[in-house]
Structure formats: C-alpha cells, structure tokens
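>>> model this:
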Amino acid sequence: MVVELQAAARQLLVDGYCLLEDRLPEAQATEMAADFIRMHADAALAGDKHVQPGYETLFGMLNRDDRTWDCAFHPDTVAIARHILGGSCRVVEAACKPNWPGSEGQWPLHVDSAGNFAQVPDVPWMINTIWMLSDFTAENGATLIVPGSHGARLHRPPEDLQPDDTGILAVEGRAGSVLMWHAGVWHGAGSNVSDSDIRVGLNVAYYPRWMNNWVEGGHQPLWPETYGRMPEEYRALCPGKRSRDRDLVYES
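Residues are numbered from 1 along each chain as shown. Next up, the predicted model:
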C-alpha cells in the first residue's frame, strides 16, 4: 500500500476517520448526484427507501447504477479496508443518502452495527464510507464525527453529548472525495441549514467475513444479473448469496 494510504489507514485507526480527496472526477460525482436525486422521486423505488425527516436512504444502488461500482470497488478505499479488515472483507451494499435543505440531520449521533454485540469488539467490525457526490459543507449537513470516540467501545454515544460539543467535527470536502470511518466512532449527518443546497452522499460499507451483516435493516441483495456484469476483481468482494428477493438471502 502506498505511503499516502498507509497514513490514511493509521489516521482511521487512531482518530476513527480519514478523508481521501478527489477520488472521483467532480463532473462524474455531480452528474451522479443529479441522477440519484431523480431516483429518490421515483415512486416505484419507495419500497427500498428509508425516510427520516429531511434525510433519506435509497438502498440497492449497486444494482441500479453501475457508476456506483467506481466507488464501492475503488482501489484506494478497498486497499484501506483490506489493510484493516483483512483481504477477504466484502462490499455488501451501496445506498444513496441525500440530506435535504431544512433537514435536522441525525441526532443523537450513533455508532454503526454495534447493537447486536453483547460487548463492543476491540477490533474494527466495519469500515464505513460516504462518497461526496456534492460538496459537503457545515451548512449543508456534512457528516459529523467525534474523533477518537471509537476507543470508548460504546454501543451508542453518552446521552449527555450535546450538539454544541466542541469535540464534534463537521468533515467538509469537495464533490468526488470520500470519507471513511471506523464503525464505532460517534457520527451522523449534520443539519442542512442551507436555503437550497442538497447534500448527496453514496454510502458503501466494508465488512469482515466474520460479521453477520445480514442483520442490517434495509440492505438489498446483489441481483444475479448485476453480479454477472461485474469484472472478476469486483465479484471477489461481493457476498456469496445473490437474489432479487431480500427474504431469500437475509436472515430474519
């Protein structure tokens, strides 16, 4: 792994996050953002969408648009994920996440995929990412991170954490950049206080083989025809179970 990525991986393990700038061409990122916003308005896709006030998640994006593969299988994010989680880690889902103007974001902050652990592991159980398909700013709801908080090994942040806590960082970046974080770090989408700026992100998570990622609510399986179109190096990062029906491959 090149020196820059080694430094990013070290920062991720120590601070709980790292930012890789300009990994997609800005024009491609912004074009994807515009197209994905139109998908969120498609009533036919409502069954794969999770809606919070002003903040939405559309699952199954690996099947819906092959451009998401440029993110999910990007050599830099894959190299960091494999360095931390092991060579057999996998990509399970890609989900589009627009943060609309007026959104209050995600509060309280949270950790990812820790709810089913009796004790939060002392090793990473997921490396999460959000690709910035639009510019991320403090005004339009950039992801909030509490650096180093993954070291607390908590299922959730303490209840007395306040939105104005000086330890909370809004991670800003240009369209085409990607934020990576340790699943245990306290984080969430910020409030979008802009007048008209839609913050669009593509969420891709990397899991080790031992993680039972089937418990993730809303995740959609990879379609067989999607898998069939993928290059062999991409297939190696995908789960073994594929279907058009979530209930056939996801445990209850």
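
>>> what's near enough to touch the residue in the chain sticking out farthest from the centre?
Here the centre of the chain is the reference, and by CA atoms, centre = their mean the most remote residue is Asp160, at 25.8 Å. Counting by CB atoms under 8 Å, 6 or more residues apart in numbering, Asp160 makes contact with nothing. For every residue, glycine as well, the C-beta is placed using N, CA and C.

>>> for it, helix, strand, or coil?
coil (DSSP: H, G, I helix; E, B strand; the rest coil).

>>> same question, the one 3 residues further on
Pro163 carries the three-state label coil when classified by three-state DSSP.

>>> what's the spacing between it and Pro157?
Computed as CB to CB, to the nearest Å, the Pro163 to Pro157 distance reads 11 Å.

>>> Give me the common contacts of these two.
In contact with both Pro163 and Pro157: no residue, using CB under 8 Å, 6+ apart.

>>> Which one of the two is surrounded by more residues?
A count of neighbours by other CB atoms under 10 Å puts Pro157 above the other of Pro163 and Pro157, at 20 against 13.

>>> Would you agree His40 is in contact with Glu56?
Yes. Contact between His40 and Glu56 holds when scored by CB atoms under 8 Å: they sit 5.9 Å apart.

>>> Quickly list what's touching both of the two.
Between them, His40 and Glu56 share the contacting residues 49, 96, 98, judged by CB under 8 Å, 6+ apart.

>>> Give the residue spans of the chain that score low on pLDDT.
251-252 (pLDDT under 70).

>>> Go ahead and report the secondary structure state at the residue nearest the centre of the chain.
With distances taken as CA atoms, centre = their mean, Asn203 lies nearest the centre of the chain, 2.9 Å away. Classification of Asn203 using three-state DSSP returns strand.

>>> does the nearest residue to it once chain neighbours are set aside sit in a helix, a strand or a coil?
Spatial nearest neighbour of Asn203, excluding adjacent residues (CB to CB, 6 or more residues apart in numbering): Ala95 at 4.7 Å. Secondary structure state of Ala95, per three-state DSSP, is strand.

>>> Near Ala95, how many residues? Count them for me, please.
24.

>>> ok, the nearest residue to Gly16 once chain neighbours are set aside - contacts?
Nearest residue to Gly16, sequence neighbours excluded (CB to CB, 6+ apart): Val185, at 3.4 Å. For Val185, the contacting residues are 16-17, 111, 145-150, by CB under 8 Å, 6+ apart.

>>> so which of those residues would you say is closest to Val91?
Tyr17 (19.0 Å; CB to CB).

>>> So the closest residue to the closest one other than its chain neighbours: helix, strand or coil?
Spatial nearest neighbour of Tyr17, excluding adjacent residues (CB to CB, 6+ apart): Trp181 at 4.1 Å. Following three-state DSSP, we place Trp181 in the strand state.

>>> Alpha carbons only: can I get the strand or helix carrying Leu13 in CSV?
Using DSSP states H and E, Leu13 sits in helix 3-15. What follows is helix 3-15 as a C-alpha-only set of coordinates in CSV (Å, rounded to 0.1, in the frame of the first residue of the first chain):
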residue,chain,number,x,y,z
VAL,A,3,2.5,5.8,1.7
GLU,A,4,-0.5,8.1,1.4
LEU,A,5,-2.9,5.3,2.0
GLN,A,6,-0.8,3.9,4.9
ALA,A,7,-1.1,7.3,6.6
ALA,A,8,-4.8,7.4,5.9
ALA,A,9,-5.3,3.9,7.4
ARG,A,10,-3.3,5.0,10.5
GLN,A,11,-5.4,8.1,10.9
LEU,A,12,-8.6,6.0,10.6
LEU,A,13,-7.4,3.6,13.4
VAL,A,14,-6.3,6.4,15.7
ASP,A,15,-8.8,9.2,15.0
